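Visitor: okay, here's the prediction I keep looking at, along with the sequence it came from:
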Amino acid sequence: MKLSGKVAVVTGAAQGLGRGFTEAMLQQGAKVALLDIKVLDGRKTTKELASQHGQDKVLFLPCDVTDKGQMESAFQQVLRHFGQLDVVVNNAGVSEHGNWEMVLDVNLRSVIHGTLLGLDHMSREKGGAGGLIINIASMAGLLPMFHGPVYAATKHGVVGLSRSYGTPFHFALTGVRVCAMCPTMADTPIQPPRVASTPEEQLKADAHWAYVDNQGGLLQVSEVVDGFLQLVADDSKNGAVMRITKQKGVDYQPYGGGGQGVPYASRNTRSKL
Ligand SMILES: NC(=O)c1ccc[n+]([C@@H]2O[C@H](COP(=O)([O-])OP(=O)(O)OC[C@H]3O[C@@H](n4cnc5c(N)ncnc54)[C@H](O)[C@@H]3O)[C@@H](O)[C@H]2O)c1
Ligand SMILES: CC[C@@H](O)/C=C/C=C\C[C@@H](O)/C=C/C=C/C=C\[C@@H](O)CCCC(=O)O
């Protein structure tokens, strides 16, 4: 997809990878709606990007992605404001902490909802023009993560969701590509502190940072963004799972023949909003 003139929604765009994806799409001529629960940070980021790219190119919408009503309203506002929708980046995510249900809600349930909203607004069978959905999973969506089991479970779910909606069956109906990105640990605020508050948390932190150090350090946001732009541009990639690591850079998770999904699924088995 060429991004010039396109309209994108990015969740969790106030900082980190989401801000990186947003800036990259603006630089390629897209207009971007930034959704984030952090209102002050979101407004600050949006103001900075507006000064660089033009007020008409950005829109900040305060949005808790776990609130279905807020998400539905945000997507409606994007359509009203920009008149179209071409790209959805379900990026908002939280790291593992005490409240496992919140991790599940943000990292998986909201990504499912964001994917369904994207399909609802872009799918050709619903009068849309087709488009692209990129769901931000993690290498923890492909590998076990003993210090983040629930986090890893949500990211495994994001991979499965993206591969399933990225099958020829759905593309024939929707014209919407759906892919997942699986970066390893990158230099953003999601990283846990090196010094934890409890001995148990310190054990996990030590394992986390030992892994990072063993991998050659953290990925830079720019490395993840480069992979993102490659995935956006490559219209041959549907249902693809992009990996980004320090050792191998950007590549794709190989799957066997089963990657095309089950040969049969009646229309009424498909999820509704
Ligand atoms: N940084 C990494 O090491 C890494 C690696 C692989 C995958 N990821 C994934 O990339 C995505 C972005 O993470 P990041 O590293 O930029 O982290 P980050 O903490 O810097 O950014 C996450 C953003 O999501 C927003 N957010 C959190 N909960 C929200 C909610 N309920 N509603 C709306 N917005 C919400 C936050 O306010 C924040 O702006 C996440 O899904 C994360 O799991 C990160
Ligand atoms: C602790 C989980 C969560 O709270 C922290 C997330 C930190 C970074 C973002 C995450 O998506 C990156 C994950 C990268 C994982 C790479 C490989 C894993 O399998 C880790 C393997 C080593 C381990 O199990 O600790």
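Guide: That came through, no problem. Keep in mind the model is a prediction, meaning the values are calculated, not measured. Ligands and ions are numbered 1, 2, ... in the order given.
Visitor: residues from the stretch 151-273 of the chain in reach of ligand 1?
Guide: For the stretch 151-273 of the chain, the contact set with ligand 1 under Cβ under 6 Å from any ligand atom comprises 183, 185-186, 188-190. In this view, the C-beta of every residue, glycine as well, is placed from N, C-alpha and C.
Visitor: burial of the residue in the chain that ligand 2 sits nearest to, as a residue count?
Guide: Here the chain gets closest to ligand 2 at one residue, residue 148, 2.5 Å apart by Cβ to the nearest ligand atom. Using other Cβ atoms under 10 Å, residue 148 is surrounded by 21 other residues.
Visitor: what's the closest non-adjacent residue to residue 118?
Guide: residue 88 (3.6 Å; Cβ to Cβ, 6 or more residues apart in numbering).
Visitor: and that neighbour, helix, strand or coil?
Guide: Using DSSP: H, G, I helix; E, B strand; the rest coil, the secondary structure recorded for residue 88 is strand.
Visitor: beta partners for it?
Guide: residue 9, residue 133 (DSSP bridges).
Visitor: now residue 225: how far from residue 136?
Guide: 12 Å (Cβ to Cβ, to the nearest Å).
Visitor: ok, these two, which is more surrounded?
Guide: Between residue 225 and residue 136, counted using other Cβ under 10 Å, the more crowded position is residue 136 (27 against 21).
Visitor: check contacts around that one.
Guide: 17, 89-91, 93, 158, 180-181, 183 (Cβ atoms under 8 Å, 6 or more residues apart in numbering).
Visitor: looking at those, which is nearest ligand 1?
Guide: When these are compared against ligand 1 (criterion: Cβ to the nearest ligand atom), the nearest one is residue 93, at 2.2 Å.
Visitor: correct me if wrong: that closest one contacts residue 109.
Guide: No: with contact defined as Cβ atoms under 8 Å, residue 93 and residue 109 do not form a contacting pair (11.8 Å).
Visitor: so which of those two has more stuff around it?
Guide: Remark: of residue 93 and residue 109, residue 93 carries more neighbours, 25 against 16, as counted by other Cβ under 10 Å.
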